[in-house]
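Trainee: Quick one, fold the following:
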Amino acid sequence: MDMRRLEVFCKVVELKSFTGAAKALSLSQPTVSEHIRTLEEIVNERLLDRLGREVLATPAGKVFYQYARNIVRMRDEAVQALEQFKGNLAGRLVLGASTIPGTYMLPRIIGDFKSTHPAIQITLRIADTALIVEQVLDGDLEAGFIGSKWSDRRLVMEEIFTDELVLAVYPEHPWASRKRIKRTDLEGEPFILRERGSGTRMVMERILDEHGFDVSRLSVVAEMGSTEAVRQGIKSKIGISILSRNAAADDIDHGLLAAVDIERIRFTRPLYLIQRRNRQMSPLCAAFLERLREHDG
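Mentor: Numbering: from 1, shown residues only. Below is the predicted model of the structure:
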């Protein structure tokens, strides 16, 4: 069975699009369609449903995808192993991260690693913690970086970074000139939350609960799907919020936001590297994680 057809099929399933797959693989759309048509003829099954602009795997396609993805991945790992044997490091590594490690910590380390190994290609997908966990468990990501602890025996977790959350308010807010507030002051204050599944939200809720504050007492005026949206929401005076100091640092330094302590509460948290238990790491992933730990140390 032709390896290129399997690669094209996997890319169509992952992107849910013939056009997207063609662009990602530098092929024409008719070529992608022909690869899929030939593959379906070979296996004598319809593997994809064309639903308008979206393409979804059929039940047979979902089964076939699991094997096709593993075959393509083994091919890539074999090539990487041979390159490593020759003293080179090449290939493609797909990582995932929640917003804070993905936006503020990993890019610098990826850039440093790529400067040493210019032949490699690293794809970094940024999504909320719950989705990163799901993709690591499904095998779509070789490693993930998330903002809260996750209980699942199928995962191996390692503390890799440290982050701090802060209560951020806009400069005209009455609290902006105060050094700290009481946790009970949060009641009734318009508050912006991250969406469910966000590591920042999970950590915030856990720490407040540990200090005797029920988050249901917050006056939530908005839920937003990214740290950037929360940051802009505070600056637009929609409400206040608790978010990563890494995300708010520039605005705090330039007086566009103010950080306010909450009496006797520190919102520190580890950020975690997660991998699927018993999954064999590719040589490229092993080398990247070694560099990451050196960076962190």
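
Trainee: Quick check: next helix or strand after the helix or strand Val72 falls within?
Mentor: Val72 belongs to helix 59-85 when assigned by DSSP states H and E. Downstream of helix 59-85, the first helix or strand assigned by DSSP H and E is strand 91-97.

Trainee: quick one: contacts of the helix or strand just after that following strand?
Mentor: Where DSSP H and E defines the elements, the next helix or strand beyond strand 91-97 is helix 99-100. Helix 99-100 is contacted by residues 126, 128, 147, 163, 198-200, 226-227, 244, 246-247, 271 when judged by C-beta atoms under 8 Å, 6 or more residues apart in numbering. (Glycine included, C-beta is placed from N, CA and C.)

Trainee: Among the residues you listed, which ones are in strands?
Mentor: If you go by DSSP state E, the contacts of helix 99-100 have Ile126, Asp163, Ser244, Leu271 in strands.

Trainee: show me what contacts the second one?
Mentor: Which is Asp163. Counted by C-beta under 8 Å, 6+ apart, Asp163 has contacts Ile100, Pro101, Gly147, Ser244, Arg245, Asn246, Thr268, Arg269, Pro270, Leu271.

Trainee: Spell out, range by range, the helices that occur in the stretch 151-297 of the chain.
Mentor: Using DSSP state H, counting those that start in this stretch, the helices assigned to the stretch 151-297 of the chain run over residues 199-210, 227-235, 245-253, 283-296.

Trainee: Leu15 is nearest to which of the ones you listed?
Mentor: Among those, the nearest to Leu15 by C-beta to C-beta is helix 283-296 (22.1 Å).

Trainee: for the closest one, packing partners?
Mentor: helix 59-85, strand 91-97, helix 106-116, strand 155-169 (3 or more C-beta pairs under 8 Å, 6 or more residues apart in numbering; DSSP states H and E).

Trainee: Please name whichever of the ones you listed is nearest to Leu256.
Mentor: With C-beta to C-beta as the measure, strand 155-169 is the member of the helices and strands packed on helix 283-296 nearest Leu256 (9.9 Å).

Trainee: Wait, Arg69 touches Cys10, no?
Mentor: Yes: between Arg69 and Cys10 there is a contact under C-beta atoms under 8 Å: 5.3 Å.

Trainee: low pLDDT regions in the stretch 51-200 of the chain?
Mentor: Where the stretch 51-200 of the chain drops to pLDDT under 70, the residues are 84-88.

Trainee: Let's have the helices and strands packed on helix 283-296 in TSV, adding distance to Gly212.
Mentor: Below are these laid out as TSV (distance: least, C-beta to C-beta, whole Å):
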stretch	distance to Gly212
helix 59-85	47
strand 91-97	32
helix 106-116	35
strand 155-169	17
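
Trainee: Nearest residue to the residue nearest in space to the middle of the chain in space, ignoring adjacent ones along the chain?
Mentor: Centroid-nearest residue in the chain: Ala97, 2.6 Å away (criterion: C-alpha atoms, centre = their mean). Leaving aside its chain neighbours, Ala97 sits nearest to Phe145 (4.1 Å; criterion: C-beta to C-beta, 6 or more residues apart in numbering).
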